[in-house]
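Asks: Sequence and predicted structure are below.
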Amino acid sequence: QEPVTATNVKSYVMLYAAHRMVESVRPALEAMRRGILQVMPETLLASLTAEDFVLLLNGCGPRVDVRWLKGITAFKDSRAEQSRLSSGQPLVLFEKLYWAAVSSMTDAERRELLYFATGSPVHPHDFSGRRLTVHVKSDTNDLPSAQVCTLEMNVPFYSDQAELKRKLLTSFKCETYDFH
C-alpha cells in the first residue's frame, strides 16, 4: 500500500472510483449484462447512451403527480432583504404562481421538471428524507437553474405564471442544470 500524496492523488481517486462503481459490483453488472443480452443484440446495446439506457430500463415514467411534487418541495426566499421589501411580493404568492405553472404543464413537461431538478426522469423512490428546495431569486434576467446533487432549484420571481412556465421550459431545453 502506497501512501496518497499530491503527486498520485488523481490516480488514487480514479482507482478508488473504479473499485466502488465497477469492481465491487462486477458480479451484479455481469449478471445484468447477460440478462439484457438475452433480449437485446449486443450491437444495439453498444449504441445506447446512458440516458437511452435509463429510459429503456425505466420507461418514460409514470405520471408526475403535482400533489406528490408538493409533498417533496420546500420554498426558500433567497431574495435580498431590500428586494423582498421593495417588491411587496410575498413568498406565498410565488408558491401559488409556481404550482399554477407546474399544474398547467403536460405530463412530459413535468417529467422534464423532475429530470431538471433531480437528474432522474422518473420518481426517485427515496430522497433519504431530503426535500427538493426551490430558492426564490430576485434577478428575473436569469433562467432557472438546478443542482441535482443537492436537490435545489434557483428560480427567479417572475411577474406571472405564463412567464414562469415559459422560463422553466426554456431552462429544461437549455440544460442549465449542473448534471452533465
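Replies: The structure has been received and is ready for your questions. Every value quoted in this text rests on a predicted model; they were computed, and no experiment measured them.

Asks: Next one: the residue at minimal distance from the centre of the chain from residue 111, what distance?
Replies: Among the residues of the chain, the one closest to the centroid is residue 118, at 2.3 Å (Cα atoms, centre = their mean). Distance, residue 118 to residue 111, by Cβ to Cβ, to the nearest Å: 11 Å. To be clear about C-beta, it is placed using only N, CA and C from the backbone, and glycine gets the same treatment.

Asks: Just grab the bridge partners of the nearest residue to residue 78 once chain neighbours are set aside for me.
Replies: Sequence neighbours aside, residue 135 is the residue nearest to residue 78 in space, at 4.1 Å (criterion: Cβ to Cβ, 6 or more residues apart in numbering). Beta-bridge pairing for residue 135 (DSSP bridges): residue 76, residue 154.

Asks: I'd say residue 135 and residue 154 touch.
Replies: Yes: counting by Cβ atoms under 8 Å, residue 135 does reach residue 154; the two are 4.9 Å apart.

Asks: Now for those two: what residues contact both?
Replies: Residues touching both residue 135 and residue 154 by Cβ atoms under 8 Å, 6 or more residues apart in numbering: residue 78.

Asks: Quick check: phi and psi at residue 64.
Replies: Main-chain dihedrals, residue 64, degrees, to the nearest 10: phi -90, psi 100.

Asks: now residue 152
Replies: Per-residue torsions, residue 152: phi -130, psi 140 (degrees, to the nearest 10).

Asks: measure residue 144 to residue 112 for me?
Replies: 12 Å.

Asks: higher neighbour count, the two?
Replies: More crowded of residue 144 and residue 112, by other Cβ atoms under 10 Å: residue 144, with 25 against 19.
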